[in-house]
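> Give me coordinates for this.
(chains A and B)
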Amino acid sequence: MNKNKKDTKTKVTKSRGQFAIVLLSFKRNKLAMAGLIILFILFLTAIFAPFIAPYGFDTTDYDNTFQQPSAEHLFGTDEFGRDIFSRVVYGSRLSLSVGFIAVAISVVIGGTLGAIAGFYQKQIDNLIMRFMDILLAIPQFLLAISIVAVLGPGLFNLMIAVGISSIPRYARIVRATTMTIKGEEYIEAAVASGTNDTGIIFKHILPNCMAPLIVQISLGIADAILMAAGLSFIGLGIQPPAPEWGAMLSGGRNYIRGWAYMTYFPGLAIFFTTLSLNLVGDGLRDALDPKLKN
Amino acid sequence: MSKYLVKRIGYLFVTIAIVSFIVFMMLFFTPGDPATLILGNMSTEEAREAMREQLGLNSPFLVQYFNFVKDLVLHQDLGTSYITQRPVLQEILEVVPNTLILSFVAIVIAVVFGVALGIISAVRQYSLIDAIVTVFAMIGISAPIFWYGLLMILLFSVQLGWFPPSGFDTPSQMFLPCLALGIQSMSMIARMTRSSMLEIIRMDFVKMARAKGQKEVWVILSHVFRNALIPVITVIGLQFGMLLCGALFLEVIFSIPGLGRLMIESIKMRDYPVVMGGVFFMSLCVTIVNLITDICYALVDPKIAKS
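Numbers count the residues shown, from 1 in each chain, chains lettered A, B, ... in the order given. Next comes the predicted model:
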């Protein structure tokens, strides 16, 4: 009995130790920390957009169209005299919310399906995973385009399209992790103490799938933002005059000769956002799975 | 090997059948009345009803799907465009060579440079060149393909005037879109080659090969690279689907008549048979590439075919 108690104690300290190791390893990774700082700045920009942006995102000024970047207009103005800096600042709200909400949709649906498949296995597993295979048969971006084609363009439909198209990747990860942790003693203990299946899946299994999931979420948000910007670029996502970065690039394309700055800034905004998420995702993966670290 | 091949080809047909079902389902549930789209808002209700009857739109879902599959298998018929009234397959086949050339050249650029940079980076780990490749690969995967397209037009067409900013008939017109399309995949392949090589390079059999006195180049290419190839092939196979989708942006930016641009224009005109025909055709291409990838696995690692 005493021995058992001692064992549990060491296990608890060990798991705390692991978290500290992961945190330390992440902190030591300069690139990952740089990514985290950029991401933090982006969040602040999105939250405080009305205070940072000197003009409204749709304030037109026909006396000041096509102004090159200056002190008055940091990133210049577009064909309607709208301040590009203000539009880029407000655009962070759209891109981040699309990225996070789309991934939330796919993680909730994909994660739950994956956990159910991994927990019950057999026919249920077969049914769910074959359905995932069906979704995977069509390339992700193409699937998103098809969904938008059916639903029509717009912010909400864009989130759904991007969200649905990335469900399989999360379902697969959670399923694989569930299958490995299903045999662990704490799951057996929960079963023995009479917790029902829903409780086990949501209280015990899903929280323990977080490590591999969180890496995918970070990289997945970057992908979702790129996909949303792409759909808006080809006119199938968020519609003008909303300051979506991809849509702004599409608008700037017509004025690429002479007004190149209209192409630089929204592109840089997309680039820094996805770069920061990729750096954080890579850093988390290295920290959580030292085997992969080179 | 032949058993493995038969199994994979069987899987290919199952996937195609499933994709055809999804495509048809999307077509079926898309809002809007095809008869009104074809005849216009001014048409009479009788004319529309006659058109629906002619198109077989009044039959139940499964009957319509059965007819769709029958036409597809027996007559290679993907339906008729609402707008141009031409067969969808004919519209697709007219533009698809451009898309395939664009994707193929891009993947060649991506594989050649991606693998080379990955190998150099792994062999000279922590050197300056490794740092440069790692940083560029990170940048490469983070920026959107369409931004690369625009930046290349800015630099090479507007500033330097070296390459034309549109068209797809001459090699000089093809260069920029192919390069822009290849950068992202090149970065991913370089990253995967590097990490996969680094995993192998420390293994005992590599030390053994060196101990035997084999030349370093031979050790790297024959022992390390060959064993690091499986994940690299996986990435290359996955890239093709991404490139077909990415080609769509460059077709828009460089005004190339291709499958992606056809699909986008069709979505905007609500010409759904062309859109879904395009989705089906692209998925077919991706599924075939996946099959080729699987065969490559078996060739590189005979153990896979046996299991």
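
> Contact partners for A:Asp58?
A:82, A:241, A:243 (CB atoms under 8 Å, 6 or more residues apart in numbering or on different chains). Quick note: C-beta positions are derived from backbone N, CA and C, even for glycine.

> 10 Å instead?
By CB atoms under 10 Å, 6 or more residues apart in numbering or on different chains, the contact list for A:Asp58 reads A:80, A:82, A:86-87, A:90, A:240-243.

> nearest to chain B, of these?
A:Pro240 (14.4 Å; CB to the nearest CB).

> So stretch B:123-134, near chain A or not?
Yes: interface with chain A: stretch B:123-134 contributes B:125-126, B:134 (CB under 10 Å from any CB of the partner chain).

> and the most centrally placed residue in chain A, what element?
Nearest to the geometric centre of chain A sits A:Ile221, at 1.5 Å (CA atoms, centre = their mean). For A:Ile221, the host element (DSSP states H and E) is helix A:210-233.

> which helices and strands does the helix or strand following that helix pack with?
Sequence order places helix A:245-252 as the next helix or strand after helix A:210-233, per DSSP H and E. The contact analysis (3 or more CB pairs under 10 Å, 6 or more residues apart in numbering or on different chains; DSSP states H and E) places helix A:245-252 against helix A:84-120, helix A:210-233, helix A:261-288, helix B:145-152, helix B:229-253.

> Save those helices as a markdown table, and put in mean pLDDT and distance to B:Val279 too.
Below are the helices and strands packed on helix A:245-252 laid out as a markdown table (pLDDT from 0 to 100; distance: least, CB to CB, whole Å):
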| stretch | mean pLDDT | distance to B:Val279 |
| --- | --- | --- |
| helix A:84-120 | 93 | 20 |
| helix A:210-233 | 91 | 15 |
| helix A:261-288 | 91 | 26 |
| helix B:145-152 | 93 | 19 |
| helix B:229-253 | 86 | 11 |
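
> If you rank the residues of stretch B:123-134 next to chain A by neighbours, which is first?
Counting neighbours by other CB atoms under 10 Å in any protein chain shown, B:Thr134 leads these with 19 neighbours.

> list the contacts for that residue?
A:31, B:117, B:121, B:125-126, B:187, B:190-191, B:194.

> Quick one: residues contacting B:Met138.
Residues counted as contacts of B:Met138 (CB under 10 Å, 6+ apart) are A:31, A:35, A:275, A:278-279, A:282, B:187, B:191.

> If you could redo that for A:Ile105, that was the one I meant.
Per CB under 10 Å, 6+ apart, neighbours of A:Ile105: A:159-164, A:166-167, A:224.

> After the top helix by length along chain B, which helix or strand is next?
In chain B, with assignment by DSSP state H, the single longest helix is helix B:88-123. Downstream of helix B:88-123, the first helix or strand assigned by DSSP H and E is helix B:128-142.

> where's that following helix relative to the chain centroid, distance-wise?
With CA atoms, centre = their mean, to the nearest Å as the basis, helix B:128-142 stands 24 Å off its chain's centre.

> Alpha carbons of that helix, as CSV, please.
What follows is helix B:128-142, C-alpha atoms only, in CSV (Å, rounded to 0.1, in the frame of the first residue of the first chain):
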residue,chain,number,x,y,z
LEU,B,128,25.5,29.1,-42.1
ILE,B,129,24.0,27.5,-45.2
ASP,B,130,21.8,25.3,-42.9
ALA,B,131,20.6,28.5,-41.1
ILE,B,132,19.9,30.2,-44.4
VAL,B,133,17.9,27.2,-45.8
THR,B,134,16.0,26.8,-42.6
VAL,B,135,15.0,30.5,-42.5
PHE,B,136,14.1,30.6,-46.2
ALA,B,137,12.0,27.4,-45.9
MET,B,138,10.1,28.8,-43.0
ILE,B,139,9.4,32.0,-45.0
GLY,B,140,8.5,29.9,-48.0
ILE,B,141,5.8,28.0,-46.2
SER,B,142,4.4,31.0,-44.4
